[in-house]
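Engineer: Got a predicted structure plus its sequence, pasted below:
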Amino acid sequence: MLRAPLIFLRIGWAGGALFNGGDGIELDETGDGSVKANVQDSSFDQNGPQDPADLEDGFDIDEAGDGDLDCTLKNVSASGNFDGGIDLDEAGDGKLIAKAVGLSVTGNEADGFKTTEEGAGDSKVTLVGSRIVGTTDNDGTEFEQEAPGTMTVKITKTLIASNDGQAVNIDSDTTGTLTLKKNTIVDNEEPQIDTPAGWVIK
């Protein structure tokens, strides 16, 4: 466990974590402070089988206490993991910002790309030029907002296909906006796009 005013994680240039029993990467921030992650050109594949009762993700960040979670992913693979592909969780008072460009997430057991805001803060999620394909027991993408705040999700030029669950599942207690542009969304569970009442879809 790490405790600091700011944790900065940078992984790049053919980095990553493959074939681990637990999570490929797990970062748990447990005190007041923020987490800023910048990950590019890296793979987090085939992780998580060691405990059948608690399977693990490819890439997992949990931020607790007051502070923000700000994560940028560029040309990252998180595929074939025994739980989820990418899982980002902000649990205290603070905002969640996630930007993924060129993400390749295929054949995971649980959600391909998931973000959760559990505290009194806003979420802003951007997904561009990515592939979210073939989850075997959950949604392609899931975005949760469990406390007051606003959420905006923008997905552009992304393939979301053949997932066992929905393509885009938004589970939110608050209002928000989902923007979809030039995507290919096919062969997922119906309804392929699931948003709460009152949400704006563009």
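Structural biologist: Good, I have the coordinates.
Engineer: my guess is Thr177 contacts Lys202, does it?
Structural biologist: Yes. If you go by CB atoms under 8 Å, Thr177 and Lys202 touch, sitting 6.8 Å apart. Placement of C-beta: from N, CA and C, glycine included.
Engineer: Those two - which one has more neighbours?
Structural biologist: Using other CB atoms under 10 Å as the criterion, Thr177 and Lys202 rank with Thr177 on top: 14 against 8.
Engineer: and the residue nearest to the more buried one when sequence neighbours are not counted, what pLDDT?
Structural biologist: In this structure, Thr177 finds its nearest non-sequential neighbour in Val200, 4.5 Å apart by CB to CB, 6 or more residues apart in numbering. pLDDT recorded at Val200 is 94.
Engineer: Same question for Gly84.
Structural biologist: In this model, Gly84 is scored at 97, pLDDT.
Engineer: ok, now the one 3 residues further on?
Structural biologist: For Asp87, the pLDDT comes out at 98.
Engineer: sorry, back to before: can you pull the contacts of the residue nearest to Thr177?
Structural biologist: 175-178 (CB atoms under 8 Å, 6 or more residues apart in numbering).
Engineer: if I look at it, how far off is Asp32?
Structural biologist: Applying CB to CB, to the nearest Å, the value for Val200 to Asp32 is 33 Å.
Engineer: Does Leu180 lie in a helix or a strand, and which?
Structural biologist: strand 176-181 (DSSP states H and E).
Engineer: ok, and what's touching the helix or strand just after that strand?
Structural biologist: For strand 176-181, the succeeding helix or strand toward the C-terminus, using DSSP H and E, is strand 184-186. The contact list for strand 184-186 (CB under 8 Å, 6+ apart) reads 158-162, 167-168, 192-193.
Engineer: try stretch 100-110
Structural biologist: Counting by CB under 8 Å, 6+ apart, 55, 57-58, 72-86, 112-113, 126-138 sit against stretch 100-110.
Engineer: I'd like to know which of the residues you listed are buried.
Structural biologist: Among the contacts of stretch 100-110, those buried by neighbour count (16 or more other CB atoms under 10 Å) are 55, 57-58, 72-86, 112-113, 126-128, 130-135, 138.
Engineer: quick revisit: ok, the strand holding Leu180: who's next to it in the sheet?
Structural biologist: Strand 176-181 pairs in its sheet with strand 151-156 (parallel), strand 200-201 (parallel), by DSSP bridges.
Engineer: Can you say which of those is nearest to Glu26?
Structural biologist: strand 151-156 (24.3 Å; CB to CB).
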